[in-house]
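[1] Only the shape, not the letters, is given here:
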């Protein structure tokens, strides 16, 4: 039913197509990219700082130190999709857990968790994540690579999801089938995980899809500012390379940026489409 | 009025735990993990034992971590932010950056509100028309774009290729390079690109939100009732529908303002704009802990003030909130 509505929604379909395209690009990057990630091979072949559309070997040109832009964008796809999706999964798990307790339990624990959620809402996340990435993890847990960014984004990204989860739980727990189940003597845990959580997933899927977009954007900024993992290919890292040579080679800044915009756009469209398909009230 | 006052007090009371949580996070990340003396050692070639002992006392390093936190917090609240590990006192350096940051943020916020609300209403009134499709398409690209990347593209175009506008900084280095010949036009020329970028990105978010809320409001029964009783269409749109559609927008604008303040590092670094964000990135590169701590806390306070202000406007417009 939801799928039929989703299929009629052009922007949602466009989102799926774009996201699917980036998944293919990431697979291409992993299995069949012409050059390995962060490879300076062109330095030895004398084809550095090559403009785009000049040779088949480097369709999108090369960077000043010899990185092939096209191949690096394909490698960046897997890095950024990984960061976006993995960080969102962490946020969803924390968010559902916090929201479930705050909504279902109520009382002091619920109020405390709700307060904590509101506190996390107002924290200037980017600055804290930069601090986290540079000072804390750089010195304490270097070697975790990109996972550091995933953890940081996941830890600070859950409040929206917790709020929505809590609201949904407050709504669903009053519905008849939950009351019926309670009357039949089902345990709290059974009611929560068998009846409530499956029914509140649809708004959370919508938010998660938008959160992937947001996480990719944040990752790009983190890497661009040089707070990311310098050894793993991401679009932000390539954009940083491009910014260093902004006056020589515009293409190193341009093409990865287009990749970011399209990928984030794909997840945003997907989220919008899902929201239309899953909330029939808003259509008409 | 009394309602608003007690509401204000409640909001400020709520801001205190937020402030404390951020201060703990900041302190733990900077101090508990890194020994400030280790950083000083990076800069000083051969510190004497007396010097190290003085630093021990200065940073209260002979005390346990949680005691050091209270020393640090009380110093911070009293405005005693200490010295940068490089040059000058922290407060003398950080306070001017607050103004340069606001120089970009406030005009961008006002511009995007002034443009975003009418465009969103226009788009909602003509849902699925060509203009609406153009607006929504532009807006979704706007929210999908890294702010700094738009900045980089505009620098390449307007500063690099066309040489119309300066690429970086808030002012030219000396008066002979001033754009337009004097200091005012020069300052404006430097601010045009960053303000444009910031406005465009927040405009996109505001337009999308106003449009969605207006669509929802225009479908309500009271709009139908107003139309049926012969109220002119413009009055229905602006008095009845917009008034109800605008309240959620205000909350989001407050949150967006916070996001943009926190997002300042990206934008300001792109334009080498000497504000809190740019200097935060510089200080993090130098591991200048006192500056990093102060900027994090100052940005948090600014975000909190923005949020409280938003809540007040919200409470003023929607009396139900005050209860």
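    Here it is on my side, so go on. On a predicted model such as this, the values are computed, not experimentally measured, just so you know.
[2] what's the nearest residue to residue B:69 if we skip its chain neighbours?
    Spatial nearest neighbour of residue B:69, chain neighbours left out: residue B:27 (5.1 Å); criterion: Cβ to Cβ, 6 or more residues apart in numbering or on different chains. C-beta: built from backbone N, CA, C; applies to glycine.
[3] Report the closest residue of chain A relative to chain B.
    Closest to chain B within chain A is residue A:124: 3.4 Å, counting by Cβ to the nearest Cβ.
[4] Against residue B:304, how distant is that residue?
    Counting by Cβ to Cβ, to the nearest Å, the separation of residue A:124 from residue B:304 is 9 Å.
[5] Looking at the two, which has the bigger crowd around it?
    Looking at residue A:124 and residue B:304 with other Cβ atoms under 10 Å in any protein chain shown, you find the greater number of neighbours at residue A:124, namely 25 against 22.
[6] per-residue pLDDT, the more buried one?
    On pLDDT, residue A:124 comes in at 79.
[7] for residue A:95, same thing?
    pLDDT at residue A:95 comes out at 91.
[8] and what of residue A:24?
    Listed pLDDT for residue A:24 reads 94.
[9] what about it, how many neighbours?
    Here the number of neighbours of residue A:24 (other Cβ under 10 Å) works out to 12.
[10] Surely it forms part of a helix?
    Yes - according to DSSP: H, G, I helix; E, B strand; the rest coil, residue A:24 belongs to a helix.
[11] Roughly how far does it sit from residue A:78?
    Using Cβ to Cβ, we find residue A:24 at a distance of 11 Å from residue A:78.
[12] Residue numbers of the stretch 151-300 of chain B in contact with chain A?
    Applying Cβ under 8 Å from any Cβ of the partner chain, we find that the stretch 151-300 of chain B lies next to chain A at B:152-153, B:155-156, B:160, B:216, B:219, B:255, B:258-259, B:261-263, B:265-266, B:269-270, B:280-281, B:284-285, B:287, B:289, B:292, B:295-296, B:299-300.
[13] How many residues are close by the closest residue to residue A:202 other than its chain neighbours?
    Excluding the flanking residues, the one nearest residue A:202 by Cβ to Cβ, 6+ apart is residue A:278, at 4.1 Å. Neighbour count of residue A:278, defined by other Cβ under 10 Å: 16.
[14] so who does residue A:278 touch?
    The neighbourhood of residue A:278, defined by Cβ atoms under 8 Å, 6 or more residues apart in numbering or on different chains, consists of A:2, A:202-203, A:205-206.
[15] Local confidence estimate at residue B:249?
    As summarised for this prediction, residue B:249 has a pLDDT of 82.
[16] you'd agree it is up against residue B:213?
    Yes - the pair residue B:249 and residue B:213 qualifies as a contact (Cβ atoms under 8 Å) at a distance of 6.3 Å.
[17] Tell me the residue of chain B that sits nearest chain A?
    residue B:262 (3.4 Å).
[18] could you measure that residue against residue A:89, distance?
    23 Å.
[19] Name the residue in the two with the higher neighbour count.
    Between residue B:262 and residue A:89, counted using other Cβ under 10 Å, the more crowded position is residue B:262 (24 against 15).
[20] and the gap between the more buried one and residue A:192?
    34 Å.
[21] Then residue A:244?
    The gap separating residue A:244 from residue A:192 is 51 Å, by Cβ to Cβ.
[22] quick one: which of the two has more around it?
    Neighbour count, other Cβ under 10 Å: between residue A:244 and residue A:192, residue A:192 has more, with 19 against 16.
[23] Any stretches of the stretch 101-250 of chain A with poor pLDDT?
    Under the criterion pLDDT under 70, the flagged ranges of the stretch 101-250 of chain A are A:135-143.
[24] now swap in the stretch 101-250 of chain B and tell me
    B:173-177, B:181.
[25] who in the stretch 1-150 of chain B is up against chain A?
    B:14-15, B:17-18, B:21-22, B:25-26, B:29-30, B:33-34, B:140-141, B:143-149.
[26] Which of the residues you listed fall in helices?
    B:14-15, B:17-18, B:21-22, B:25-26, B:140-141, B:143, B:147-149 (DSSP state H).
[27] From these, keep the buried residues only.
    B:14-15, B:18, B:21-22, B:25-26, B:140-141, B:143, B:147-149 (16 or more other Cβ atoms under 10 Å in any protein chain shown).
[28] Near the closest residue in space to residue A:61 that isn't next to it in sequence, how many residues? Count them for me, please.
    The shortest distance from residue A:61 to any non-neighbouring residue, by Cβ to Cβ, 6+ apart, is to residue A:52 (3.9 Å). The tally of other residues near residue A:52 (other Cβ under 10 Å) stands at 18.
[29] which ones are touching residue A:52?
    Applying Cβ under 8 Å, 6+ apart, the residues contacting residue A:52 are A:58-61, A:69, A:251, A:255.
[30] and what of residue B:156?
    Counting by Cβ under 8 Å, 6+ apart, residue B:156 has contacts A:246, A:250, A:253-254.
[31] Which pair in the residues you listed has the greatest spatial separation?
    A:246 and A:254 (10.7 Å; Cβ to Cβ).
[32] and residue 31, what does it touch?
    You didn't pick a chain, so chain A it is. Listed by Cβ under 8 Å, 6+ apart, residue A:31 has no contact partners.
[33] The chain in question should be chain B.
    With Cβ under 8 Å, 6+ apart, residue B:31 has these contacts: B:65, B:68-69, B:72, B:289.
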